[in-house]
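J.: Show me how the following folds:
(one chain, ligands or ions: 1)
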Amino acid sequence: MMAAPAFAQTTLYEGARLIPGDGKPAIERSAFLVENGTITRVGRQGDVKAPAGAARVDLTGKTVMPALIDIHTHTGFQKGATYRPENYSRETIVDDLNRALYFGVSTVVSEGIDPGEVAFRIRDDQAAGTLGGARLFTAGRGMGAPNAGPGADTYRGIAYDVTTEEEARRDVREVTARKVDFIKIWVDDRNGRAPELSPPLYRAIIDEAHRHGVRVNAHVFYLADAKGLVAAGIDGFTHMARDKEMDDEVVQAIVKRGVVVMPTLQSTERGRNTGMPPPLAAWLNGPAREAIPPEIIARVQAAYGGRTAAQAAAARERYAILQRSLAKLSAAGARIVLGGDTGLQDDPFGFAEHRELELMVDAGMTPMQAIVAATSRGAEYLRLRKTGTLAAGKSADFLVLDANPLDDIVNTRRIARIFVSGAEVDRNSLRAGLNATK
Ligand SMILES: [Zn+2]
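T.: Below you'll find the model as predicted:
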């Protein structure tokens, strides 16, 4: 008697609504064939046949879409209820990556506060197939003017302090030699705390990075800096301008030069609230509890409160600047990607991404546009040719949802199953690991 194969190499998934992720319309009652982890055919149910011996999975009533890609995260600082530099380790980064994957995020980019070797080792181990979780990309240690780099004390001393063009070019060569996926710079005076990275310095960084084939993402606050950075050839913005609405001049320049924009709305929107919106609270205190510890949930919820109605009203006006800028960028066809500033103290993995999608739609993007930003656009920016869309030749990296996110974007949270390279992610074991006492 022959042993049964451990798993079927070929599987036909039938009956789901399929959102391809590239902006093309959904296929109702789809069928798609996955062979050895790769999608080989996509079509309507009945048109795509299962070869002899193939397994069949009935997904009637479900929606499938590509797994999410978050281009603006910071891994490794959260441990239990604490958030501090001593926590930064392989263990805490892996926790963040597992939590991201649990909530349907297959890929994350850590933007510039990764000290030492740990993130690079994790990246190597994932490439070798010996470590799971969301796939990590890293900018290693980013660069800013002294005392004008990453915002919180937690990150003190991690970024390079750059004061001369020679130093800037040397630091860039140092990080490109370590094969960072991006270079992160901060161009901000941190509310007057310190002089910001000057145009000659950021021009030197961008020029040297491009000589080495590495792209540069900028944290920006002021519209004037955003304009200077676009003119200097910046590749991506981890934030929009926050002092003023982005005007037509900068929007057109961003579109023309193909600059990638991470709206990063979700951490800023807190200020306009006097409490957490009830539907969000229901999710956070319900399904999110499966993989986010209660002490973090309590803190996220608290961050939505603690202010007067007048303070919230003032913040709502400041936040409306971001909403209008995003609507303009989207209408003009800018390359928008998902970025949650995920992994900051009150922005846990899983929560930040799904909230960000909701806020992108709230600001005027369609659910389809938000999904494109969170899938194919992110893959394109990471030069991942095998993921980000559901089409023949792509890796079978997809979410199975219980409800349609094109009807209501918050349905991206209603995850039934997750597949990466055609293999189902074991969410129960991820959940158990994340809930274990550490
Ligand atoms: Zn950030």
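
J.: for the stretch 101-250 of the chain, what spans make up the helices?
T.: 118-128, 165-177, 199-211, 223-231, 248-257 (DSSP state H, counting those that start in this stretch).

J.: Which one of those lies nearest to N285?
T.: Of all the helices of the stretch 101-250 of the chain, the one in closest proximity to N285, counting by CB to CB, is helix 118-128 (31.0 Å). For glycine as for every other residue, the C-beta is placed from the backbone atoms N, C-alpha and C.

J.: Name the residues of that closest one that come out as buried.
T.: Residues of helix 118-128 classed as buried by neighbour count (16 or more other CB atoms under 10 Å): V118, A119, F120, I122, R123, D125, Q126.

J.: Likewise for stretch 327-345?
T.: 328-330, 334-345.

J.: mind listing which of these are in helices?
T.: With DSSP state H as the criterion, helices contain K328, L329, S330 from among those.

J.: and P279, how many neighbours does it have?
T.: By other CB atoms under 10 Å, the residues close to P279 number 10.

J.: Any idea which of the helices of the stretch 101-250 of the chain gets closest to G350?
T.: Across those, closest to G350 is helix 118-128 (CB to CB), at 18.5 Å.

J.: Any chance of the helices of the stretch 101-250 of the chain in a markdown table with mean pLDDT and distance to L33 as columns?
T.: Formatted as a markdown table, those follow (pLDDT from 0 to 100; distance: least, CB to CB, whole Å):
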| stretch | mean pLDDT | distance to L33 |
| --- | --- | --- |
| helix 118-128 | 98 | 27 |
| helix 165-177 | 98 | 41 |
| helix 199-211 | 98 | 41 |
| helix 223-231 | 98 | 43 |
| helix 248-257 | 98 | 37 |
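
J.: now the ones you listed in JSON lines, with distance to E317?
T.: Formatted as JSON lines, those follow (distance: least, CB to CB, whole Å):
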{"stretch": "helix 118-128", "distance to E317": "38"}
{"stretch": "helix 165-177", "distance to E317": "37"}
{"stretch": "helix 199-211", "distance to E317": "30"}
{"stretch": "helix 223-231", "distance to E317": "16"}
{"stretch": "helix 248-257", "distance to E317": "21"}
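
J.: Which one of those lies nearest to A152?
T.: helix 118-128 (18.5 Å).

J.: Need the residues that contact stretch 289-301.
T.: Here stretch 289-301 makes contact (CB atoms under 8 Å, 6 or more residues apart in numbering) with 78, 80-81, 99, 102-103, 276, 281, 284-285, 288, 345-348, 350-351, 430-431, 434-435.

J.: Flag every buried residue along it.
T.: A291, I292, P293, I296, I297, V300, Q301.

J.: can you give me the strands in the stretch 51-200 of the chain?
T.: 55-58, 63-66, 68-73, 78-79, 82-83, 105-110, 135-138, 143-144, 160-161, 183-187 (DSSP state E, counting those that start in this stretch).

J.: A231: which of those is closest?
T.: A231 lies closest to strand 183-187 among the strands of the stretch 51-200 of the chain, at 12.7 Å (CB to CB).

J.: Isn't P200 up against T164?
T.: No: with contact defined as CB atoms under 8 Å, P200 does not reach T164; the gap is 9.2 Å.

J.: remind me which residues of the stretch 1-150 of the chain are low pLDDT?
T.: The stretch 1-150 of the chain contains residues with pLDDT under 70 at 1-8.

J.: Include pLDDT and distance to Q311 when you put the buried residues of stretch 289-301 into JSON lines, please.
T.: JSON lines is the format used below for these (pLDDT from 0 to 100; distance: CB to CB, whole Å):
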{"residue": "A291", "pLDDT": "96", "distance to Q311": "32"}
{"residue": "I292", "pLDDT": "95", "distance to Q311": "27"}
{"residue": "P293", "pLDDT": "93", "distance to Q311": "29"}
{"residue": "I296", "pLDDT": "94", "distance to Q311": "24"}
{"residue": "I297", "pLDDT": "95", "distance to Q311": "23"}
{"residue": "V300", "pLDDT": "95", "distance to Q311": "19"}
{"residue": "Q301", "pLDDT": "95", "distance to Q311": "18"}
